[in-house]
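# Sequence and predicted structure below; questions after.
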Amino acid sequence: MMKFLLLLFFLNSYGQTLTTDGLNINGGVDQSALPTGRGTNTDVLQTNGAGTLTWARPIKMVKMIDYLGGPLPLTSGVTYTTSGGTIKIDASGACYRSSVGTTVTQIQVSYNGGAYTGLFNLHMWVNTTGSATPSPRRSFVVTGIATGTTINLKVVDGGNCSTGTGEKFDVTLTEF
Amino acid sequence: MALLLLVLSSLFAANDMAVKGLTINGPTAGSTFPTTRGTAGQFLKTNGTGTLSWGDPMVVSLILTPSGGALPKTSSTYTTLGGTIRLDVTGSFYCTAVNTSTIDVLTSINAGAYASRGQMSQWCATTTQHIIRIPRTYLITGLAAGTTIAVQLTNIANATIDVNDYHSILLTEF
């Protein structure tokens, strides 16, 4: 009798849309529970490996400083609001130095409109006088950021980094 | 009746169930699963208003392999999955005089005419040496699935380039 009822259920359900409140799939130790909310646009499903599926934000990117010339300091034209988690900042730029030595460009960050503080530096040794020398691109990762945190970035002279319109700076933020 | 539901529940838990469509969490605040299988590597995403669909994973492609030699250089053609792409462009030039060296980064969409995405300039103060350009990243958004894109690097001013000056373009699609 039970098998007959089950067969009727399958025959009835296949070919139609099934609507249910909550859903666990696979059962037992392989069970995963789908989230009970809709998430927000572009969210993706992720698992915690222990049976719970939740909505997660996909990778996002934004140009914070789009190849702008000096002089420093340069402040990002956009304020980025994070979804929480981890961000990566890719920065490149150049400095002019009139004598042989090291140039330093500092990337600073402001969280939630607070004071700017140093996040990381770009270093370059200049061995030809009177030259504009690019520094290698550097990436920096920040973890543990709370959802809704706003981020502004600034590029400043960290030491012997003279800049004019010919020294360009390019900063991209990626959120994971 | 309770016994019947209990038995049915246990039967469902121990068996596969196949339905053509599925909406979870009710008809007014629920989410409806796609009715197709998608393709390998895709993941489920939501539009936030009740529709789930298959999304494409991140793709990385070196569309211009690092190579020396004169400009112009043209990348291979990439077919997008739709959405946003990022181009990371690097290169160098040979400085023969005190001046500014400029190249242009152009893109061709769906085999159309090449249009500038923005130039890369580098001031040169010391002659007769090779100088690396400041790497630049470009973001292109709103691309429809199936759009083809090719990138070209051209000399605008003073970009003397020989076999020792390498250029490369890395494309990342999100």
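Everything's here; your move.
# So which residues of chain B form helices?
Using DSSP state H, the helices assigned to chain B run over residues B:2-13.
# how's it carved up into domains?
Partitioning chain B according to automatic domain parsing yields domains covering residues B:2-55, B:59-173.
# next one: chain A
Following automatic domain parsing, one gets these domains for chain A: A:22-57, A:60-175.
# strands paired with the host helix or strand of A:Ser135, and their directions?
Secondary-structure element containing A:Ser135, defined by DSSP states H and E: strand A:131-145. On the basis of DSSP bridges, the sheet neighbours of strand A:131-145 come out as strand A:85-97 (antiparallel).
# Just confirm yes or no for the next helix or strand after the strand it pairs with near chain B.
Heading C-terminal from strand A:85-97, the first helix or strand you meet, by DSSP H and E, is strand A:101-111. No - Strand A:101-111 lies out of reach of chain B by Cβ under 8 Å from any Cβ of the partner chain, never closer than 11.0 Å. All C-beta atoms are positioned from the backbone trio N, CA, C, and that covers glycine.
# okay, the angle between the next helix or strand after strand A:101-111 and strand A:131-145?
Moving toward the C-terminus from strand A:101-111, the first helix or strand encountered (DSSP H and E) is strand A:117-126. Strand A:117-126 runs at 150 degrees relative to strand A:131-145, counting by axes from the mean of the first three to the mean of the last three Cα atoms, to 10 degrees.
# Give me the helix or strand of chain B that scores worst on average pLDDT.
One helix or strand of chain B scores below all others by mean pLDDT, DSSP states H and E: helix B:2-13, with a mean of 52.
# And for chain A?
Across the helices and strands of chain A, mean pLDDT, DSSP H and E gives its lowest value to helix A:2-13, namely a mean of 48.
# From the contact counts, what lies against the helix or strand that that one is followed by?
For helix A:2-13, the succeeding helix or strand toward the C-terminus, using DSSP H and E, is strand A:17-20. Here strand A:17-20 is seen to pack against strand B:21-24 when contacts are counted using 3 or more Cβ pairs under 8 Å, 6 or more residues apart in numbering or on different chains; DSSP states H and E.
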